[in-house]
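K.L.:
3D model of this:
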Amino acid sequence: GISAVVTSGEDRYLLLVYDVKTQKYGTIGGTGDYDITGSEWLGNTRILYSVSGQKLVGIGLFAAEIKDLDDSYPLLEYFGSSVVGIPRSDPTSPLVWNRYDGLRQSGQDEGVALITSAKVSNTKGANLLTVRDPNAVNSAIEEARENNERHILSKYPIPPGGATLNYITDKDGNLEFAVTRTGVHQTLYRLTTDQTWTPCPVDVDNGYFCGPGNETGQLAAVPGHTEGSPNGLYILDAVTGKRGATLVSDKNYDFTGWPYRKPANGEIIGARDNREYPHNIWFNADYQKYQDLLDRSFPGLFVKILDSNDAETLFLIVTYSDRQPPRFSWVDFSKHTAGLFKDSAPWINPKRMQPENVIRFKTRDGKVLDAYLTLPAGTSKENPAPLVVLPHGGPYLRDMWGFDGEAQLLASRGYAVVKPNYRAS
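P.N.:
So this is what the prediction gives:
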């Protein structure tokens, strides 16, 4: 199946699930002020999803079988839960980080737990945001607490060294690393075979990690920015702290993307990098062939492979351009078939949109920077347009090439729009 979080058009987010085998859609979404905030597949037939309430409160993690989406059931509630990884050895038992126990209001980090996604009770979930009767509240809390405990199979030790910022699994979905912070200093820990967290000789304060490498003890990493020397994506031996092979580098741009992993084994086989335009980079010859075929099938569009089945016959892709909003499709190479999964903005007519051009400009001290320029129709030297500057947030974020509804709206009203990637972008 394929799943995606979509808006219902009423400031609510639902989970859209598409069964490729039956070519039928289904949706998951509660009534009232509730949103689906994310999802993970637990094998081929079961889906896990997270629910929030009132745009603020994390309700919990729920699961459902694709054949009966209406029969959803809670896994963990009011536990500050988020998925850390899906073990390849048993996809139905995910690793979950429980940041706090909201049912006991302890505020204590509960660490990572291995949980079962099976239905272990008949409860539908505790709605503590609307219950007002004290007796009903206490009953709902007790029911949710018992359901939480039944789903937890085992717990991992909490890493030392202050507040935990992040956990990272190995390529097979098993817990391997944790990042903690004390004051402004961060430390990387590795979980040893005896379930002990051991500090790694790695400078975590400069740069960031993009998940595991292809071998035990490795991480895919991006170093901190060095003026005049764009950073790249490389392999880091976290045990020794030594830098390994460089996977992606560019003489003009820092790496601002993410590795792509082979679904069957988690190995890094490519990467996405956002330079002046988005780039697909493949280290795998088969995937380069898939990319070439997709590029020919969708001329004029950027085509990104998002995921596939383990057999690498059925792919989920997204196509977009500066004039076309993202469209999600499935492609079955084994059957030579394809179909639309979701058009993010079907009301947009690409033929009426204006192109987004890359321009370069010099700062007062001579540094060359990029910007994206959208001009209204009919603009020329003889017929100039008033200019609107849209600086992005950050400053460590950046603008990227693609469809921008705000820029297109302003251009349709006669304004030129420039979006500069200023320093630190």
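
K.L.:
Low-confidence bits of the stretch 301-425 of the chain, can you list those?
P.N.:
Within the stretch 301-425 of the chain, the ranges that satisfy pLDDT under 70 run 425.

K.L.:
go on, the chain?
P.N.:
For the chain, the ranges with pLDDT under 70 are 4, 6-11, 30-32, 56-57, 106, 127-131, 425.

K.L.:
got the contact list for the nearest residue to residue 351 once chain neighbours are set aside?
P.N.:
Using CB to CB, 6 or more residues apart in numbering and skipping the chain neighbours, the partner closest in space to residue 351 is residue 323 (7.8 Å). From N, CA and C alone the C-beta is placed, and that goes for glycine too. When contacts are counted by CB atoms under 8 Å, 6 or more residues apart in numbering, residue 323 touches 350-351, 353-355, 403.

K.L.:
swap the cut-off to 7 Å and go again
P.N.:
350, 353, 355, 403 (CB atoms under 7 Å, 6 or more residues apart in numbering).

K.L.:
Ignoring the adjacent residues along the chain, who's closest to the last one?
P.N.:
Excluding the flanking residues, the one nearest residue 403 by CB to CB, 6+ apart is residue 325, at 4.6 Å.

K.L.:
Pull the number of nearby residues for that neighbour.
P.N.:
By other CB atoms under 10 Å, the residues close to residue 325 number 20.

K.L.:
Residue 304 against residue 316, yeah?
P.N.:
No - using CB atoms under 7 Å, residue 304 is not in contact with residue 316, being 9.7 Å away.

K.L.:
in the stretch 151-300 of the chain, which spans are strands?
P.N.:
Here the stretch 151-300 of the chain has its strands, by DSSP state E, counting those that start in this stretch, at 152-155, 163-169, 175-182, 185-191, 197-199, 207-212, 218-223, 233-237, 242-248, 258-261, 268-274, 278-282.

K.L.:
strand partners of the last one, parallel vs antiparallel please.
P.N.:
Strand partners for strand 278-282, identified by DSSP bridges, are recorded as strand 268-274 (antiparallel).

K.L.:
Let me have the strands of the stretch 151-300 of the chain in JSON lines, extended by distance to residue 366 and mean neighbour count.
P.N.:
Converted to JSON lines, the strands of the stretch 151-300 of the chain look like this (distance: least, CB to CB, whole Å; neighbours: other CB atoms under 10 Å):
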{"stretch": "strand 152-155", "distance to residue 366": "56", "mean neighbour count": "12"}
{"stretch": "strand 163-169", "distance to residue 366": "38", "mean neighbour count": "18"}
{"stretch": "strand 175-182", "distance to residue 366": "38", "mean neighbour count": "20"}
{"stretch": "strand 185-191", "distance to residue 366": "35", "mean neighbour count": "20"}
{"stretch": "strand 197-199", "distance to residue 366": "43", "mean neighbour count": "15"}
{"stretch": "strand 207-212", "distance to residue 366": "27", "mean neighbour count": "18"}
{"stretch": "strand 218-223", "distance to residue 366": "25", "mean neighbour count": "21"}
{"stretch": "strand 233-237", "distance to residue 366": "29", "mean neighbour count": "21"}
{"stretch": "strand 242-248", "distance to residue 366": "28", "mean neighbour count": "14"}
{"stretch": "strand 258-261", "distance to residue 366": "32", "mean neighbour count": "19"}
{"stretch": "strand 268-274", "distance to residue 366": "25", "mean neighbour count": "20"}
{"stretch": "strand 278-282", "distance to residue 366": "27", "mean neighbour count": "17"}
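
K.L.:
Tell me which of those sits nearest to residue 3.
P.N.:
Of all those, it is strand 258-261 that lies closest to residue 3, at 18.3 Å by CB to CB.

K.L.:
next one: phi and psi at the residue of the chain most remote from its centre?
P.N.:
Centroid-distance maximum for the chain: residue 382 at 45.3 Å, with CA atoms, centre = their mean. The phi/psi pair for residue 382 (degrees, to the nearest 10) reads phi -80, psi -20.

K.L.:
How much space separates it from residue 149?
P.N.:
According to CB to CB, to the nearest Å, residue 382 stands 74 Å off from residue 149.

K.L.:
got it, and residue 344?
P.N.:
Computed as CB to CB, the residue 344 to residue 149 distance reads 40 Å.
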